[in-house]
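Participant: sharing a model prediction with you, sequence too.
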Amino acid sequence: MGIELDMIWLEEMLAGLKDSASLAPYNLTLYRRHGGEVAGAAPFRCCCSRIQDPLKNELARRFFVKELDLRFSAGTPAVCRYGGAFFGFLVPFSRSGYDFCLVGDGVRDTSIDLWQLAALSQLGGAELFSLFSHMESLCIATVQEVEIALREVVGEIDRIPPSPPPVSEITVADQTDTRLAEVAGFLEQLDRSRTITETVAVCWETIGALIGFPRTAIALRQASGTSYAVSGIWGLPDDLGTLSAQAIGCFLSRDKVKKAVLFDAQMRGALPALQATLTTCFPLEYQADRLGFIALIDTDLTASDLLLVSMLTRGVASRMAQILKEAEQARSSSLSGRLMSLTHTLLHVESKEELYSTVLEIAADLLDASQGSIMLIDKDGETMHIVFTKGMTLHVAQCLPMKVGKGIAGKVAQTGLPLLVNDVEKDSRVAMTNRPRFKSKALICIPLKLKEKIIGVVCLSDKANLAPFTDADLELLTSCANLASLMIERTLVLEESDRFEQLSVTDSLTGLYNRRFLKGRTEEELNRSSRQELELTILFIDLDFFKNYNDVCGHIAGDGALKKTAQIIQGSLREMDIVARYGGEEFCVLLPGTSKTEALVVAERIRYEIENEKFPCAVTSSLGKLTASFGVASYPEDGRTFTALLHASDIALYQAKAGGRNRIVAAQPPPARLPSPIMQPPPTPPVMQPQPAPPVSRTFDFKSYLEATESKRHNG
């Protein structure tokens, strides 16, 4: 309470002196040093002031501060001339165990020494002509007038009691309680603020209520983190420009913060839009994180005011940091939700082409970009091709030559490092002429990676509002690309798995299914036919004298004949029918829901097509033509299992071979088995059993039969 009581008392003393008409033009500054400290070792420090003109006070401070100890030792009040044209006075005294020096300054002589003024302008960083015009407006006084003011000050100081009156303790307590209540109210309002703007507004109102409404500027860190936007309040322009992270140091160096300093040339160069003489800067920092600063312009604060504003700015910085953290958490949560939605969408994509389209559409939507492309690196690792585009024709884009290492996309593909460019013509990393198809000069390009391997790039350009891309856009697109890379890898793995699965069930020469697949599919169809009481027929096909064909024409021609036969068979079937290469020159056809009679029509059509096909070499050689023999077996009369049906059709095929080839033979049901002799019933009159029909050659004309059955099969 003792120190605070002295401060209030001293400020009241200065306020009383300032009210005097003869002292009104002067700046009054009181410096103090503790009485127990060794003279010359401990400097005098400013404890309170009443400033009429900040610039005059700054010039006087440079002159008086270094001589305060010497003047106090002399113990005599004195009038001083400094700077070639300025008058001031100094009064040393002691009270309450402290050494004091009261300095009065701020009036000038009738003449102005331009040489001294030039030296002052260089020392303080001010422009000479602006300083000269300011000096001309100062109050003019003579030495005699300054001496009169000095005697008045000495008289007032002599009447100051050795210690402050006890009654002022009540005033101090009241003022302290009032300020504490205002600070408590400020902190409550601060806790309720939800935005940076609201937080700053609460701070302005509190500063205005406690110490008046000085011209104030605030610098706030922008989203990029590399610059600070400066805005003015209370008599200053709204937009004062931008400070780089390096330039902000000239406002927040240790020798300048939380004290009134001259607005020097370095500050003016960094912030030319701000017109000021003095600045008092308070950093907005929280846990070493520099968020900006608050600057009070052309205002000289008392020690208690400095302490108060410092407390307020610390509270503001803490709340701002909390708001930014909450915003980051909300953004991360929102991003997580969007990425989860993106994952859900990509998981339902059915093809690689659809995946590329979806990834690009989502990436463009996230960044509000109107143009973009996905490029993949070719197997040679030297070239790239565009797989999907937005805002340009894919066919035209695919004609553009692209090399890894060349151009923006090529560099990203080569280095694996993302690239954010907001001016392709001025950015030294790019330095290229903007192409006509792009509306803006800004673009963003990131790599697509599978583990550590770069497989391509995603490029976006032309935001809808033509605004530049930000670091937040880069972070968002990187998250999207990482997820897209995982989905691309998943799709490639699935495609590879499907390819291997397809290879395991298909014949590499003809592309038809193989024996393994045929067996499994036939068993499935037999189960279905049993449940639904449907018929099912198998055609077993074998090319006639194919060994001779291979011997005469060669194996390459033989492979071609097998491929052509496979195409003929497939072209004669329905989509639901299955054809497989059973081995060598043998083929097997599965006809679900087809009776033996209907199957004979299909077999004849295939036989006719093969017989009339002009196979290479067969026509020009002694072979004449290539033909096929057929065996036909149906479920359920010829067998109820795959093995039984295959055996029945195989027997019918051999019968066709034995009957002269180039024909169709249908399997005949096995003869009915006679009962065992032990279980024979009593003798009955003999009954004539039907004899099995001999194998029937199917080479007769089927044209009339085709007309009657073809429509029934395809419609049923």
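Facilitator: Right, received. Where do you want to start?

Participant: let's see stretch 354-366 as PDB, backbone CA atoms only.
Facilitator: The C-alpha coordinates for stretch 354-366 follow below in PDB (Å, rounded to 0.1, in the frame of the first residue of the first chain):
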ATOM      1  CA  GLU A 354     -14.700 -43.300 -61.300                       C
ATOM      2  CA  LEU A 355     -12.300 -43.000 -58.300                       C
ATOM      3  CA  TYR A 356     -10.100 -40.400 -60.200                       C
ATOM      4  CA  SER A 357     -13.300 -38.500 -61.100                       C
ATOM      5  CA  THR A 358     -14.600 -38.500 -57.500                       C
ATOM      6  CA  VAL A 359     -11.200 -37.600 -55.900                       C
ATOM      7  CA  LEU A 360     -10.800 -34.500 -58.200                       C
ATOM      8  CA  GLU A 361     -14.400 -33.400 -57.800                       C
ATOM      9  CA  ILE A 362     -14.100 -33.600 -54.000                       C
ATOM     10  CA  ALA A 363     -10.700 -31.800 -53.900                       C
ATOM     11  CA  ALA A 364     -12.000 -29.000 -56.100                       C
ATOM     12  CA  ASP A 365     -15.100 -28.700 -53.900                       C
ATOM     13  CA  LEU A 366     -13.000 -28.500 -50.700                       C
END
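
Participant: and the contacts of that stretch?
Facilitator: Stretch 354-366 is contacted from outside by 338, 342, 345-346, 349, 369-374, 387-390, 458, 460, 476-477, 480-481, 484, 487-488, 491, using CB atoms under 8 Å, 6 or more residues apart in numbering. The C-beta positions use only the backbone N, C-alpha and C, and glycine is treated the same way.

Participant: filter these to the buried ones?
Facilitator: 338, 342, 346, 349, 369-374, 387-390, 458, 460, 476-477, 480-481, 484, 487-488, 491 (16 or more other CB atoms under 10 Å).

Participant: can you report how many residues neighbour Phe93?
Facilitator: 16 (other CB atoms under 10 Å).

Participant: quick one: low-confidence parts of the stretch 151-300 of the chain?
Facilitator: 162-185, 187, 224 (pLDDT under 70).

Participant: helices of that one, start to end?
Facilitator: For the stretch 151-300 of the chain, applying DSSP state H, counting those that start in this stretch gives helices covering 168-192, 196-211, 265-270.

Participant: do the stretch 551-700 of the chain as well
Facilitator: With DSSP H, counting those that start in this stretch as the criterion, the stretch 551-700 of the chain has helices spanning 555-571, 596-612, 642-658.

Participant: would you turn the ones you listed into JSON lines with distance to Ala409, mean pLDDT and mean neighbour count?
Facilitator: Below are the helices of the stretch 551-700 of the chain laid out as JSON lines (distance: least, CB to CB, whole Å; pLDDT from 0 to 100; neighbours: other CB atoms under 10 Å):
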{"stretch": "helix 555-571", "distance to Ala409": "42", "mean pLDDT": "92", "mean neighbour count": "17"}
{"stretch": "helix 596-612", "distance to Ala409": "52", "mean pLDDT": "93", "mean neighbour count": "20"}
{"stretch": "helix 642-658", "distance to Ala409": "55", "mean pLDDT": "93", "mean neighbour count": "20"}
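
Participant: count the neighbours of Met384 for me.
Facilitator: If you count neighbours by other CB under 10 Å, Met384 ends up with 22.

Participant: which strand or helix spans it?
Facilitator: Using DSSP states H and E, Met384 falls within strand 384-390.

Participant: pull the residues that contact that strand.
Facilitator: Against strand 384-390 from outside (CB under 8 Å, 6+ apart): 353, 356-357, 360-361, 364, 369-378, 394, 397-398, 400, 402-404, 409-410, 413, 456-457.

Participant: would you list the buried entries among the residues you listed?
Facilitator: Buried by 16+ other CB under 10 Å: 356-357, 360, 364, 369-377, 397, 402, 404, 409-410, 413, 456-457, out of the contacts of strand 384-390.

Participant: tell me which of the residues you listed fall in helices.
Facilitator: Counting by DSSP state H, the part of those found in helices is 356-357, 360, 364, 397, 409-410, 413.

Participant: just flag the most distant two among the residues you listed.
Facilitator: Ser357 and Gly410 (23.0 Å; CB to CB).

Participant: now the residue lying closest to Leu376 once chain neighbours are set aside, which residues is it bridged with?
Facilitator: In space, and not counting its chain neighbours, Leu376 is closest to Gly456: 3.9 Å by CB to CB, 6 or more residues apart in numbering. Counting by DSSP bridges, Gly456 is bridged to Leu376, Leu448.

Participant: so what's the nearest residue to Val230 once chain neighbours are set aside up against?
Facilitator: Counting by CB to CB, 6+ apart, Val230 lies nearest to Leu240, which is 4.1 Å off, once chain neighbours are set aside. Contact partners of Leu240, counting by CB under 8 Å, 6+ apart, are 217, 230-232, 271, 273-274.

Participant: so how far is Ile196 from Leu240?
Facilitator: Separation of Leu240 from Ile196 (CB to CB, to the nearest Å): 17 Å.

Participant: got it, and Ser304?
Facilitator: In terms of CB to CB, Ser304 sits 28 Å off from Ile196.

Participant: can you redo the ones in helices among the buried ones among the contacts of strand 384-390 as TSV with distance to Lys614 and pLDDT?
Facilitator: Formatted as TSV, those follow (distance: CB to CB, whole Å; pLDDT from 0 to 100):
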residue	distance to Lys614	pLDDT
Tyr356	44	76
Ser357	45	78
Leu360	49	83
Ala364	55	83
Ala397	45	58
Ala409	52	85
Gly410	52	87
Ala413	51	87
